[in-house]
Structure formats: C-alpha cells, structure tokens
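Novice: My questions are about this predicted structure, shown below with the sequence.
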Amino acid sequence: MSYNFNDIEAKWQKYWEENQTFKAANDSKKPKFYGLDMFPYPSGAGLHVGHPLGYIASDIVARFKRHQGFNVLHPQGYDSFGLPAEQYAIQTGQHPADTTKVNIEGGVDKAGNEIAGYRNQLDKIGFSFDWSREVRTSDTNYYKWTQWIFIQLFESWYDNEANKARPISELIEIFKATGNTQVNAVCDAEVENFSAEAWQNLSYKEQQEILLQYRLTYLAETEVNWCPELGTVLANDEIVNGVSERGGYPVVRKKMKQWSMRISAYAERLLQGLENLDWTESLKETQRNWIGKSVGAQVQFKIQNSEFRIDVFTTRPDTIFGVTFMTWAPEHELVSKITTSAQKEAVESYVKATAKRSERERMADVKTISGVFTGAYAQHPFTKEAVPIWIGDYVLAGYGTGAVMAVPCGDQRDYDFAKHFNIPIKNIFKDVDVSEAAHAGKEGTLINNSDFLNDLPYKKALKTAIYELEKIGQGKGKTNYRLRDAVFSRQRYWGEPFPVYYVNGMPQMIDAEHLPIRLPEIEKYLPTKEGEPPLGRAEDWAWDTQKNEVVSNELIDDATVFKLELNTMPGWAGSSWYFFRYMEDQQRDEVFASAEAMQYWQNVDLYIGGSEHGTGHLLYARFWTKFLKDRGLVPVEEPFKKLINQGMILGESALVYRVEGKSTFVSKDLKDQYETQAIHADVSLVNTSNELNIEAFKNWREEFKDAEFITEENGKYIVGREVEKMSKSKYNVVNPDDICDEYGADTLRMYEMFLGPLEQAKPWNTAGITGVHNFLKKLWKLYHSGEEFLVSDEKASPESLKILHKTIKKVTEDIEDFSFNTSVSTFMICVNELAAQKCNSREVLEPLAILVSPYAPHIAEELWSLMGHQESIATAAYPQLEEKFLVESTKTYPVSFNGKMRFTLDLSLDLSKEEIEKAVMADERTQKQLDGRTPKKVIIVPGKIVNIVG
C-alpha cells in the first residue's frame, strides 16, 4: 500500500473539522494548557514557508499536551484592523472589510486577484486549532469590547499610594471632600492644587478639564510622528531609519491633539513583573531598556531675565558644579519664548530641520553633532552663574523634561558638543585628566571644584547635592523612566472607532449599553481637504444623546446631537487583550470574557512569536492586563507566562547577471568576465541544481522576452544564490501550499522543525526536503509488508523495546526543551533501526505512532486507524517511559592483543573476571590470534576492556 499523503491529509483534516477534535472545554476536570501564537495579520500575499514556523512549534506542544492528558486551548484568529488593509483599499478602491474578508477566507477580490486565504492555508498544514473561538479584531462583536475597555480606562486614575488603578468616581469623591492636595496620583505635570471648596465652585467643564489630567486615557497636545503620505501618526516602533516601516515614507515631528494612554503609570510594575516571567534574558533586557529606569534628582534652573523656570532630570546631581551649558530639545515649548531676536532665524531653521528626523534616528545617531545657541541663559542653582542655553537634537522633548544640564567633563556626548562649539569644560573630578575625553566613572572618584561637595565620594556627594537642592527649593530626589505615555490616536479609517462624542470640546463616553459604535461607510479612505482624518468624510457621524444612535451630521445642534471622534484606535488596541477573548466560548455577547472562563484558563502558558514585538505589543498587552487586574476584571497580573521568539526562515534568492547596458545574461561562473548587474529571478524558475529555466524566465516578464543568454559549455545557465529575508520583492517566497501539494503537510511540518533550533534564523532549501519525505515513506513501510498493512500482536524483542524507549526519552526531553530539530533526527534513527530489525510488533508501533503524532499528525492518524482504533490519535495517552528497557545488560568488549584491538565480543555485565577470561579464551578468534602461544597475562577491567599480553 503506497503512501498517498494527499488523500490521507485531506481525509483527516476533514475528520478533525467535522468532529471538532480540538475544541477545548471550559469546565474540564483535566489540568489546563493554553498555547498561543502571536496574532497574524491577514494580507493578500498569504503565507510563505517562514510564517508557519512558530505555529508548527506551538502545535507540536499543544498536541503533546493533549497526549499527556491536558485540556488544551490552542486558538487562532486575525489581527484584521490595520494600515496595510487601508493602504490597499486606497490603491484599489476596495473596502478594507472586503479585502480583509477575502484575505482570510480566500476567493477572488474585486480587483480580480485570486487569494488563497489564510484559513485555507492554515488548515492545509494540519494545525490543531480550536476554530470555534476564532477572533477577528475588525468584527463588531469583538471591537465592541475594545471600545468598552477604552471606556474603563477613561473612567480610571492611578493611585500611587494604593499602587493601582481606581475608578474616577472615587477621585471625584476625594476632590469633593478634601480637594487634591492629599492626592498622590499619576497625572499631568501642570496640575494645580485646589481645595474641596474650590472644586465645588468650578463649572462642569472646568471639573472635566481637571479630571482629564488624571484619567488613564486622556486628550493632550502631543509631539507625534506624523507621516503625511500615510496621513496618520506612527508609533516609534512603526518607524525605521526615519521613514515609515510601511511604505518607507518620510516622517516628521508635529504637535497634535491626541488620545494617549498613561502607560507610564505602570512603568515600575512593568519592570518588576519581568522578574517572574519565563522569558529569555535578552527579551527581558529589551523591555528593561525600553522602560528605562533612572534614579537621580529633578533640578530647577531659573531662566535669566524672564519668569520661566526649567526642570531637568539628572542621574548625577553630584556633578552639578560641572554644568557649563544646558541643552534643550528643539521642539521644547519654551524654546520660542526664550530665544533672543538675534538667534531667532537660526533657531527656527534648526527646529524645522529636526522635525524631519524621527526620535529613534536622533537617539541612534551618536556621530553627528549639531545644535544652535538660543541667546538665552539659565542661572546656576548654587553659583548663580549664567549658563548658556543651547538646543540640540540629541535631547528629546518627551524624555524627562526635554532639557539636560550639560556636564561635559562627565558625559562624552556633552563633552563632544562642548568641544565642537568651543564651550568651556570645567573639571570637577579630583586627580582626573579630562583633556582628551570625559570621565564617566563613579566609584573611586572624588569630587573637586564643587564648594560643599569637595573631596566627597560619589554616593555621599549624590545625597549631599540632593539635600542642598531641596534646602534651597530648587530640586528633589526622583526616579525617572524612559517609557512615555502611548499615543492612542490614528488618523485613518480602518480601525476601532472611539466611543466618544464632544460637548463644548470635552470628550464624553457613550454608555456601554449602546456599543458597538460601528465604522461608517465613506467614499474615500483619505484625509479630507481640511486635513481631518478619513472619518471626517462620513455623512452620518454624529451622536444623538436622546435616541442613543449615530445620526446625520446635518442634525448636529450641540444641544442633543454632537460630533463624534474622527480618529480611530491604533493597531495595538485589539491585540492588547485578544488572549482573554479566546478563553470565552459561550457568553461573548454579554462579556468580553466571563470570570469563570478566565478563572479556569488564567493566562497563556506558552506564547510563540517574532522578536519584533519585544517592546510594542508585549508592553501594551502587559499594561492592559495589569490595568484590568486592578479594576477586578481579570484574575492575573501578567498575560504570558512563557514566551519564545522563533527565528526567521530566510529565503534563498536566485540571482541572474545582466551585462551592463544590454539585455544579455551571463551564467554565474562567467560573470567576472563582464560588467554585470545582479537581478533577482523568481525562485520557481530555478531547479535544485541552480539551473535557470531560460524559456520560462523569458516569459516571466515582458522586458526579458528577447533576452540573450551566455551559458556554460553544457548549455546550462547557473544562477547565483543569496540568503535573504523572504519577500515578494526578492521573488524568493516559497508557498507552503506548493510544498503540501508536492510532499505533504507532514513533510513540511517536520522539515521546518528539522532546519535548526527554533530560536535561530535559518535558510530555506527546498532541495533538503526530500530527506524528510523519504523518512515518512520509511515510517509508512514499517507498518506494511509490501502492499499489505501488517502489524503483529507478537511480543516485541528486547532490542526493539530498547529502541522505542530511547526514542520516548529523547523526544519527550526535546519537546519539553523546545529542541524540535533533534527530535526529527531521533525519529529517523529509530525508524532505521526498527526497519533493520524487521520489527512489526504492535507493542512498539502503537506508541511510536503517538510519538510521531505531534510532528506528523496526518500519517499518525492513518496508521492509528489502520491499527483498528475508532477514536482520533489526538487524545491517545502518551507512551510511558520504562527505564528498565534502557538498562544495559551486556557490554561490547574490545578485545586487544598487546594493546591493539582485534575484535569485539558481547558479554553479560553479570560475568566475573574469571568468567570473562574463560569466554574470551574460548573464542576461536582469540585462538587464531595466539596461534598456539600461551599469553603472559590477561588484563581484564569488567565493563571496560580485555587486553591479552604476550
């Protein structure tokens, strides 16, 4: 019986779907296991072979856990709101909802493109997903709850004393009773103190303005990354080298009124929470650096000849007497107010140039030194000396206070700046030379030229400086974080609408009972002529507070009908809580997830995804989880217990070499004889021997139809190869559907695991896949005698049982260590050894099918069925390791004569020295070596060696 993988795989995929084999229960008595893949974004390009790598790994673990008796939740869904769909909609005139639907479900889109569909592609690979719990972030039944969570954030504030979020209603009661002087909250910096009486005398609008300074989501004028081409604000992690990650468009810094999330309130908890997570140390360090905790002091400088003051944060208040200038962020709001008329033109020109550079670019560029003197001076807190104020793009408005006190003798960047602009450098370190570079050392260095800090070591000087600053009212000790509040507005169409309308310019939340607020239909997905977001084009986008529904804009009267928010939420809104939604299966209309479901599943036991989400998504998801826990809405502080970043599968690009200025292509080994340009060719036009199909290449693109080719002597054109990231632009994408059709999904699954360690990047090489496919054929033959399925009920030999249990031990350890590549090698060795023994015993082959099942589930199901089982192999009990089969009972002794090994002899480990010697001497090979001689002595080390001397 031949191995018909296409038929077998189609059969079992249909069986799993019809029988809901992988549907999880929320009321099981079994222990729970929740395995999750990072949310995929469904694009029209579909999957390439790099995408399923993490999914296959998580699927192996999920199947393994089912065999071990766990109730496994292994769900899947789609992060279906986002900029790519909107950009595609703008280009093609299709509604993002239509393109998103066809990208997920497959079919032909309105532009005539045939789309495979993510769901079809995923099903073809045989994943054990519980599709009954599917999530799509663009589904109104889902984003209703994203809107609901936004409202909860709006109705909350962060109490530093309780170290948690509390309802805003409780803050209002405090204000009514005692004002805000006793409130220790995370809030805007410019909040003024007021009494209970003053609060009561404020108008409703004035009260709301104050509350907005405390809410966990709030409106504020914010410096943002504005991308004119995309017509939207971008997060820092959406920008690469100063341009948008999507499309490569220029990004400028701009002030806009935006919704923001007060994630900074959770900075310390986000930092401390990392300690108990089973994540790689490198990923934890990435998050620590992003949060960026610094301990130091806030120092206040007065600006000469003005009423302004500026606070700076420094980790080295002990070096305050070394300050010789200040540097402010070019975009700091006070820059225009303090700049002198003589410097105005230079400052404005510099500010304009800086706006074109992203924050990430400015932070990364440590070589370029640039800045402009404002003409203004600050006053040193202690010496009262004039300190010149400069602006420089290495200082960011959003980090700290947007200004630094520059101590060039103790900071290399300040030192280089001072040298470049010929600013004095004052040395405040005793017996330290700063003529060539700054001195950043702390321990073992005494302070000098610093008045009351002279001769003090670092720690003592630090505390003394803070004490003296507090005494004169110009500073205090402070802990600072690099983590800034997250901008939560996007000026685009395809995202969650805010459940917000405006009364007298103040945001009001729509009552939860009236959610969802659905996206309206609009004609175009571009900003309006007036620069409003795309929702500004909607004709029906006003809120009627009496009817509690969205109505025509023409009805706006600012009495009962008001304007709705025109921005939409960012892509990370829906992905910050989707893992809780998967837990719920029955009450999705009533709750975002029921308390019972969350109590049972708790959090994700294993989360697998790309390292590119190391800051953005993971920080936001952790923040939302902590907030929801504070408000009693979820039972856990952290969403993901264990996290693994899978490496990238790289493409092996094919390069052809065109002679400069001609339509002539030269084979790889001849290219050095010509001036050539390397061009990417479609890898599907190249065979495993790197030979180009010349005719297919000519037909591939119109400009190549008349191309000429200089080939090798044998007439073949050999391409060059280069390992690169898989992408359509490099024509090196390999479609998993093609691999499944030609070799089978089980082959694809095992080959992707076989390529190398999960966490490492590795190149795809289709030529290597035949080895894994041949292994599956050998596995199939093990259960057959010719065309006949043959598994016997005879007892297995000790040798076969030993092979089986060695395999159980190794494969189990590998799965638990996520070393899937070595498991595949172990299976290959096992099958080869069992085949050599002609083993067909059920005692061995049944457990072997279960062992293979997580990796190659289709062939395992078929073999299981052929062995007479009516139920799916998916929940068959995992084979138990029996150590007794691994205990060695014999030893293969090397038998040496005068130190040279001549043959080996298998003997029982129970034999004594005398019995070993007797057995060796009785062997005819020994007699042949001795040739009638009597040995001088026989050296025997039981369990190790035999050496016959003389």
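Specialist: Noted; the coordinates are in hand.

Novice: And the residue nearest the centre of the chain?
Specialist: The chain has H613 as the residue nearest its centroid, 2.4 Å off, counting by C-alpha atoms, centre = their mean.

Novice: Let me see the contact set for it.
Specialist: H613 makes contact with M38 under the criterion C-beta atoms under 8 Å, 6 or more residues apart in numbering. C-beta here means a position set from N, CA and C on the backbone, and glycine is covered the same way.

Novice: any idea which element the residue of the chain positioned farthest from its centre lies in?
Specialist: In the chain, counting by C-alpha atoms, centre = their mean, G932 sits farthest out from the average C-alpha position, at 74.9 Å. Assigned by DSSP states H and E, G932 falls within no helix or strand.

Novice: ok, back up a step: quick check, pLDDT for the residue nearest to the centre of the chain.
Specialist: H613 is assigned 84 on the pLDDT scale.

Novice: do the same with the one 4 residues further on
Specialist: According to the per-residue confidence, H617 scores 94 in pLDDT.

Novice: Show the backbone phi and psi for it.
Specialist: The phi/psi pair for H617 (degrees, to the nearest 10) reads phi -60, psi -50.

Novice: Pretty sure Y41 is one of the things it touches, is it not?
Specialist: No: the pair H617 / Y41 is not scored as a contact, 11.6 Å apart, by C-beta atoms under 8 Å.

Novice: neighbours of Q927, just the number please.
Specialist: Residues contacting Q927 under the criterion other C-beta atoms under 10 Å number 12.

Novice: And for R518?
Specialist: Using other C-beta under 10 Å, R518 has 11 other residues around it.

Novice: Over to it. Which of the three states is it?
Specialist: Counting by DSSP: H, G, I helix; E, B strand; the rest coil, the backbone at R518 sits in coil.

Novice: Contact partners for it?
Specialist: Counting by C-beta under 8 Å, 6+ apart, R518 touches 140, 497, 550.

Novice: about what we covered before: okay, the residue farthest from the centre of the chain: pLDDT?
Specialist: pLDDT, G932: 85.

Novice: can you list the residues that contact the longest helix seen in the chain?
Specialist: Secondary structure of the chain per DSSP state H: the longest helix is helix 798-816. By C-beta under 8 Å, 6+ apart, the residues outside helix 798-816 that reach it are 60-61, 64, 796, 819-820, 822-823, 826-827, 830, 833-834, 837, 839, 841, 843-844, 847-848, 851, 854, 878-883, 885-886.

Novice: how close does the residue farthest from the centre of the chain get to T926?
Specialist: 12 Å (C-beta to C-beta, to the nearest Å).

Novice: repeat for S138
Specialist: 80 Å.

Novice: The two: who's more crowded?
Specialist: More crowded of S138 and T926, by other C-beta under 10 Å: S138, with 23 against 20.

Novice: what secondary structure does that one sit in?
Specialist: Classification of S138 by three-state DSSP places it in coil.

Novice: could we number from 22 for the rest of this?
Specialist: Noted, 22 is the first residue going forward, which turns the last one into S159.

Novice: Now do the contacts for it.
Specialist: Counted by C-beta under 8 Å, 6+ apart, S159 has contacts 101-102, 117-118, 121, 515.

Novice: Which among those count as buried?
Specialist: Listed as buried from the contacts of S159 are 101-102, 117-118, 121, 515; burial here means 16 or more other C-beta atoms under 10 Å.

Novice: could those go into a markdown table alongside distance to H401 and pLDDT?
Specialist: Converted to a markdown table, the buried ones among the contacts of S159 look like this (distance: C-beta to C-beta, whole Å; pLDDT from 0 to 100):
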| residue | distance to H401 | pLDDT |
| --- | --- | --- |
| S101 | 57 | 94 |
| F102 | 52 | 93 |
| P117 | 57 | 93 |
| A118 | 61 | 93 |
| T121 | 59 | 93 |
| W515 | 53 | 94 |
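
Novice: of all those residues, which two lie farthest apart?
Specialist: The two members of the buried ones among the contacts of S159 with the most space between them (C-beta to C-beta) are F102 and A118, at 10.1 Å.

Novice: separation between A533 and L174?
Specialist: The gap separating A533 from L174 is 13 Å, by C-beta to C-beta.

Novice: Enumerate every residue touching N257.
Specialist: By C-beta under 8 Å, 6+ apart, N257 lies in contact with 246, 379-381.

Novice: out of those residues, which are inside strands?
Specialist: Members of the contacts of N257 lying in strands (criterion: DSSP state E): N246.

Novice: out of the contacts of N257, which are buried?
Specialist: Buried among these (16+ other C-beta under 10 Å): 246, 379-381.

Novice: From these, pick the one nearest A318.
Specialist: Here the nearest of the buried ones among the contacts of N257 to A318, counting by C-beta to C-beta, is E380; it sits at 24.4 Å.

Novice: What is the burial count for the residue nearest to T925 when sequence neighbours are not counted?
Specialist: Among residues not flanking T925 along the chain, T913 sits closest, at 5.1 Å (C-beta to C-beta, 6 or more residues apart in numbering). The local packing of T913 (other C-beta under 10 Å) involves 9 other residues.

Novice: Figure out the helix or strand that T913 lives in.
Specialist: For T913, the enclosing helix or strand under DSSP H and E is strand 911-918.

Novice: which other helices and strands contact that strand?
Specialist: On a contact count with 3 or more C-beta pairs under 8 Å, 6 or more residues apart in numbering; DSSP states H and E, strand 911-918 meets strand 921-929, helix 934-943, helix 945-951, strand 966-970.

Novice: Include distance to R434 when you put the ones you listed into JSON lines, please.
Specialist: Shown next, in JSON lines, are these (distance: least, C-beta to C-beta, whole Å):
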{"stretch": "strand 921-929", "distance to R434": "68"}
{"stretch": "helix 934-943", "distance to R434": "75"}
{"stretch": "helix 945-951", "distance to R434": "78"}
{"stretch": "strand 966-970", "distance to R434": "67"}
